[in-house]
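Peer 1: Fold the stuff below for me.
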Amino acid sequence: MLAKTNGSAVYGVDAHPITVEVNVGQGTKFFMVGLPDSAVKESEQRVESAIKNLGYRMPRQKVVVNLAPADIRKEGSAYDLPIALGILKASEQIIAEDLDRYVVMGELALDGELRPIKGALPIAIEARKNGFKGFILPKENASEAAIVDGLDVIGVSTIKEAIDHLEGEEVIQPMAYDTRDVFFNELDSYASDFADVQGQENIKRAMEIAAAGGHNVIMIGPPGAGKTMLAKRLPSILPPLTLHEALETTKIHSVAGKLGTDAKLISNRPFRQPHHTISDVALVGGGGIPQPGEISLANNGVLFLDELPEFKRTVLEVMRQPLEERKVTISRAKVSLDYPSNFMLIASMNPCPCGYYNHPEKECVCAPGVVQRYLNKISGPLLDRIDLHVEVTPVSFDQMTETRKTESSSEIRERVIKARKIQEARFKDQAGVFNNAMMSSNMVKDVCQINEAGKTLLKTAMERLGLSARAYDRILRVSRTIADLAGTDEIAIEHLAEAIQYRSLDREGWAG
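Peer 2: Sure thing, here's the model as predicted:
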């Protein structure tokens, strides 16, 4: 007898429907076809043990399991449950007339219990898109899949519970989840606030400009100056996530298995801080079974690289293309996957190995030439892609003990949102462009018009600092953002001057 169940395969951040066909007929042996990997092939042993331990029998006939379409590679252990249910139905041990109306996924333990899977959210989205009644999956993943409206999400702990539900003996009620209510109730509940930061007004200003235009930032300063503290507070002044952005971000974390058992829609912008020993594959994604990397997990949020020169050069260089394209492509012989990587890069570094070059009070003990070699660990092309170079100076004792109330993140965010709305209106007809940092070179020429005095100032700065053509575009983009924060249509000379000063590392002789 032939039975069909429905599963799904996750590629990139999207799911693709898989039909699990099981035929039990004359003959002997167990055959699995349809391009399964080793983990899928090993499901035979898990399925047989689970079936026997629940009081059913494994057919002693010819069992053929086909995973269609056969030209797509099937990976992982999540096909155990649909294969087991297909075998039981094909051998007429269960009825399960509604089985073909559900998408079924889950890894089986030998005693029939279910273990959680990755990618439950994109699978649920695809199931609703294809008109399925519901999604049967491990209970640990049920809250994650329940984010999708219009789909009966049935969380089960064992294969026995799934069978009882399908046969109507003990019907499980679908998990209820009010996506919009939960999302808007928890929107922008950040633990850190800029009101906690004393002093550093010039750095706060640079962070506000970066948030308003989506610009990348590098902070250069001695240890203890507050670089990490400032970076961690940047998400609190970014505009709130939209529902679409939240769903996209949650999908990526679901595919990577980062949501946990109490999964829910991500309502805050992600902040990722990988260690400097990270590999290039872990940063951009990939691997034997391709997984999203840190730059994709930071999508719609912030990627913070602390002590930038300590990262391997190859790791930093692989970021150059994703910084420009806002996506990363993982290519294999038979498949090419795209992971979104629309993130803000915030980097920090000491000015030298000892950390005290240009310090107002402590003396640098680095040998001659060491400072320049330290800075040379970061390539010019990568620095060109960072819009704001900000020097961070230590906070004095008087500033630390000051009782004057400083601006909160909510106050700064109001100005940032106002500037972003100006940019949304400006780029409403430009597909894929939402802020000033995303502008192409042609768009910069049209949007960032400057007067003759501005041209003279910019020409002088370009000649003295030896700036590249890319740095020229970056200065114009930043000046456009500063003008947006000021609420003016024209880029004034003071806006341009402020943008030029954020190119510290381009200054000749900065490192001695």
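
Peer 1: which parts of the helix or strand hosting I163 are buried?
Peer 2: In the assignment (DSSP states H and E), I163 maps to helix 159-167. Neighbour-count burial for helix 159-167 flags 159-166 (criterion: 16 or more other CB atoms under 10 Å). All C-beta atoms are positioned from the backbone trio N, CA, C, and that covers glycine.

Peer 1: buried set for the helix or strand following it?
Peer 2: The C-terminal neighbour of helix 159-167 among helices and strands, as given by DSSP H and E, is helix 179-185. Neighbour-count burial for helix 179-185, with 16+ other CB under 10 Å as criterion, is recorded at 179, 183.

Peer 1: just stretch 273-280 next, same as before
Peer 2: Quick answer for stretch 273-280 (16+ other CB under 10 Å): 274, 280.

Peer 1: i'd like the first residue to be 83 from this point on
Peer 2: Noted, 83 is the first residue going forward, which turns the last one into stretch 355-362.

Peer 1: What is the end-to-end distance of it?
Peer 2: End-to-end distance for stretch 355-362: 15 Å, by CA to CA, to the nearest Å.

Peer 1: Stretch 153-167 too?
Peer 2: Between where stretch 153-167 begins and where it ends, there is a gap of 23 Å, by CA to CA.

Peer 1: returning to that earlier point: export the helix holding I245 to CSV, keeping only CA atoms.
Peer 2: Extracted C-alpha coordinates of helix 241-249, given in CSV (Å, rounded to 0.1, in the frame of the first residue of the first chain):
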residue,chain,number,x,y,z
ILE,A,241,4.8,10.0,18.0
LYS,A,242,1.9,8.4,19.9
GLU,A,243,0.4,11.8,20.6
ALA,A,244,0.6,12.6,16.8
ILE,A,245,-1.1,9.3,16.0
ASP,A,246,-3.9,9.9,18.5
HIS,A,247,-4.5,13.4,17.1
LEU,A,248,-4.6,12.2,13.5
GLU,A,249,-7.0,9.3,14.4
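
Peer 1: what's that helix packed up against?
Peer 2: Contact partners of helix 241-249 among helices and strands, from 3 or more CB pairs under 8 Å, 6 or more residues apart in numbering; DSSP states H and E: helix 162-172, strand 216-220, strand 234-238.

Peer 1: Which one, of these, ends up nearest to K409?
Peer 2: strand 216-220 (27.9 Å; CB to CB).

Peer 1: who's in contact with whatever helix or strand comes next after the closest one?
Peer 2: Using DSSP H and E, the helix or strand that directly follows strand 216-220 along the chain is helix 224-227. Residues from elsewhere that reach helix 224-227 (CB atoms under 8 Å, 6 or more residues apart in numbering): 202-203, 205-206, 217, 219, 233, 235-237, 257, 259, 332, 336, 341, 343-346.

Peer 1: With just CA atoms, put stretch 314-332 into CSV.
Peer 2: Extracted in CSV, the C-alpha atoms of stretch 314-332 (Å, rounded to 0.1, in the frame of the first residue of the first chain):
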residue,chain,number,x,y,z
LYS,A,314,25.8,48.2,23.1
ARG,A,315,23.4,51.1,23.4
LEU,A,316,23.1,51.8,19.7
PRO,A,317,20.2,49.5,19.1
SER,A,318,18.1,51.5,21.6
ILE,A,319,18.2,54.6,19.3
LEU,A,320,17.5,52.8,16.1
PRO,A,321,13.9,53.0,14.7
PRO,A,322,11.6,50.2,15.9
LEU,A,323,11.5,47.0,13.9
THR,A,324,8.6,46.7,11.5
LEU,A,325,6.5,43.5,11.5
HIS,A,326,8.1,42.4,8.2
GLU,A,327,11.7,43.0,9.6
ALA,A,328,10.8,41.2,12.8
LEU,A,329,9.6,38.2,10.8
GLU,A,330,12.7,38.2,8.6
THR,A,331,15.0,38.4,11.6
THR,A,332,13.1,35.6,13.4
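
Peer 1: could you give me the average pLDDT of it?
Peer 2: Averaged across stretch 314-332, pLDDT comes to 92.

Peer 1: Need the pLDDT of M401.
Peer 2: pLDDT, M401: 90.

Peer 1: Show the contacting residues for it.
Peer 2: M401 touches 365-366, 377, 427, 464, counting by CB under 8 Å, 6+ apart.

Peer 1: what about it, distance to G514?
Peer 2: 19 Å (CB to CB, to the nearest Å).

Peer 1: Go through stretch 319-338 and flag the buried ones.
Peer 2: Applying 16+ other CB under 10 Å to stretch 319-338 flags 319-321, 323, 327-338 as buried.

Peer 1: Which members of those are positioned in helices?
Peer 2: Per DSSP state H, helices hold the following members of those: 327-337.

Peer 1: Correct me if wrong: H577 contacts D566.
Peer 2: No: counting by CB atoms under 8 Å, D566 is not a contact partner of H577; they are 9.4 Å apart.

Peer 1: Without its sequence neighbours, what residue ends up closest to V92?
Peer 2: In space, and not counting its chain neighbours, V92 is closest to G201: 3.8 Å by CB to CB, 6 or more residues apart in numbering.

Peer 1: Then A178?
Peer 2: Using CB to CB, 6+ apart, the nearest residue to A178 is L248, at 4.0 Å.

Peer 1: Tabulate the helices and strands packed on helix 241-249 (CSV), appending mean neighbour count and mean pLDDT.
Peer 2: What follows is those, written out as CSV (neighbours: other CB atoms under 10 Å; pLDDT from 0 to 100):
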stretch, mean neighbour count, mean pLDDT
helix 162-172, 27, 96
strand 216-220, 27, 96
strand 234-238, 22, 96
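
Peer 1: rewinding a little: run through who's touching the helix holding I245.
Peer 2: Against helix 241-249 from outside (CB under 8 Å, 6+ apart): 132-133, 136, 163, 166-167, 170, 176-178, 180-181, 184, 186, 188, 190, 194, 196, 218, 236, 238, 252-254.

Peer 1: try 6 Å this time
Peer 2: 132, 136, 166, 176-178, 181, 194, 218, 236, 238, 252-254 (CB atoms under 6 Å, 6 or more residues apart in numbering).

Peer 1: Buried ones among the residues you listed?
Peer 2: 132, 166, 176, 178, 181, 194, 218, 236, 238, 254.

Peer 1: Could you save these as JSON lines and add columns showing distance to R508?
Peer 2: As requested, the buried ones among the contacts of helix 241-249 are arranged in JSON lines below (distance: CB to CB, whole Å):
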{"residue": "A132", "distance to R508": "58"}
{"residue": "A166", "distance to R508": "55"}
{"residue": "I176", "distance to R508": "60"}
{"residue": "A178", "distance to R508": "56"}
{"residue": "L181", "distance to R508": "52"}
{"residue": "G194", "distance to R508": "58"}
{"residue": "I218", "distance to R508": "47"}
{"residue": "I236", "distance to R508": "47"}
{"residue": "V238", "distance to R508": "50"}
{"residue": "I254", "distance to R508": "50"}
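
Peer 1: Which single one of those residues is nearest to P151?
Peer 2: L181 (19.9 Å).

Peer 1: Now do that closest one against R395, distance only.
Peer 2: 54 Å.

Peer 1: Kindly report the same for A292.
Peer 2: Counting by CB to CB, the gap from A292 to R395 is 25 Å.

Peer 1: Tell me which of these two has more neighbours.
Peer 2: Per other CB atoms under 10 Å, whichever of A292 and R395 has more neighbours is A292, with 27 against 14.

Peer 1: just the strands in the stretch 83-232 of the chain please.
Peer 2: Using DSSP state E, counting those that start in this stretch, the strands of the stretch 83-232 of the chain run over residues 84-93, 96-107, 112-115, 144-150, 184-186, 189-190, 196-197, 216-220.

Peer 1: so what strands line up beside the last one?
Peer 2: Sheet partners assigned to strand 216-220 using DSSP bridges are listed as strand 184-186 (parallel), strand 234-238 (parallel).

Peer 1: before we move on, back to that, taking the buried residues of stretch 319-338 together, which two end up most distant?
Peer 2: I319 and V337 (28.4 Å).

Peer 1: Any idea which helix or strand in the protein has the lowest mean pLDDT?
Peer 2: When each helix and strand of the chain is scored by mean pLDDT, DSSP states H and E, helix 479-482 comes last, with a mean of 66.
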